[in-house]
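Visitor: Any chance you can model this:
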Amino acid sequence: LEGGFREEEVRVLGLAVECNTRLQPTQVLQAQQNGEIILDVRTRNEFVCQKNGHLAGAYSAPVFELQSAAAELRERFPGKSFVAYCRGGFRSAVASSILQAAGLKATDVVGGYGELQQALPEQTGKLDT
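Guide: Below is the predicted model:
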C-alpha cells in the first residue's frame, strides 16, 4: 500500500509479499461483464446512501466482515474472481488482501468510488441491490 511498509521491511518480518494488479475504474465494467463479482466494501450505510448509491450489480460486503464472510463468498460464487472497491481505495486494497489470504482470487479498484462515478456515470448512483 502506498505510504505503508516497504517490501524489504515486510520480508524482514517474514511475511509474504505479493504485488496485486489493481484495476482502473474504466476496467471495472469489463471485469463485471467477464463474470467477476464486484464487491462494495464500504459500510452498509455508504452502500445504500441516497446521495451516492453504489455501482449497479455490486454486492455489499463491508471490509470488516470479509474474514468471516470469505467461506460464504466461496460457496455462493464458486470459481469466481472478485473486484473490491471502497470510497478512496484503501479499504478495497485491504479487502483484496483478506480475500486472497482466504484463497480467493481478488483485486481492487484504483481510486475508489469517486473515480468510478467519473468513469462510469451511467452505472453508479444505483440503489438497486
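
Visitor: Now stretch 30-38: buried residues?
Guide: Neighbour-count burial for stretch 30-38, counted by 16 or more other C-beta atoms under 10 Å, picks out 31, 32, 36, 37, 38. Bear in mind the C-beta positions are built from the backbone N, C-alpha and C, glycine included.

Visitor: do stretch 53-64 as well
Guide: So, applying 16+ other C-beta under 10 Å, buried residues of stretch 53-64: 53, 54, 55, 56, 58, 59, 60, 61, 62, 63.

Visitor: Check stretch 84-91 too.
Guide: Neighbour-count burial for stretch 84-91 [16+ other C-beta under 10 Å]: 84, 85, 86, 87, 89, 90, 91.

Visitor: now stretch 95-115: how far from the chain's centre is it?
Guide: 4 Å (C-alpha atoms, centre = their mean, to the nearest Å).

Visitor: start to end distance for it?
Guide: 18 Å (C-alpha to C-alpha, to the nearest Å).

Visitor: How much space separates residue 112 from residue 89?
Guide: Here residue 112 is placed at a distance of 4 Å from residue 89 (C-beta to C-beta, to the nearest Å).

Visitor: Output the below-cut-off pLDDT ranges for the protein.
Guide: 1-20, 128-129 (pLDDT under 70).

Visitor: Could I have the CA atoms of stretch 67-74 written out in PDB?
Guide: What follows is stretch 67-74, C-alpha atoms only, in PDB (Å, rounded to 0.1, in the frame of the first residue of the first chain):
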ATOM      1  CA  GLN A  67     -12.800 -12.600   7.100                       C
ATOM      2  CA  SER A  68     -15.900 -14.200   8.400                       C
ATOM      3  CA  ALA A  69     -17.700 -13.900   5.000                       C
ATOM      4  CA  ALA A  70     -15.000 -15.500   2.800                       C
ATOM      5  CA  ALA A  71     -16.400 -19.000   3.100                       C
ATOM      6  CA  GLU A  72     -19.900 -17.800   2.200                       C
ATOM      7  CA  LEU A  73     -18.500 -15.900  -0.800                       C
ATOM      8  CA  ARG A  74     -16.600 -19.000  -2.000                       C
END
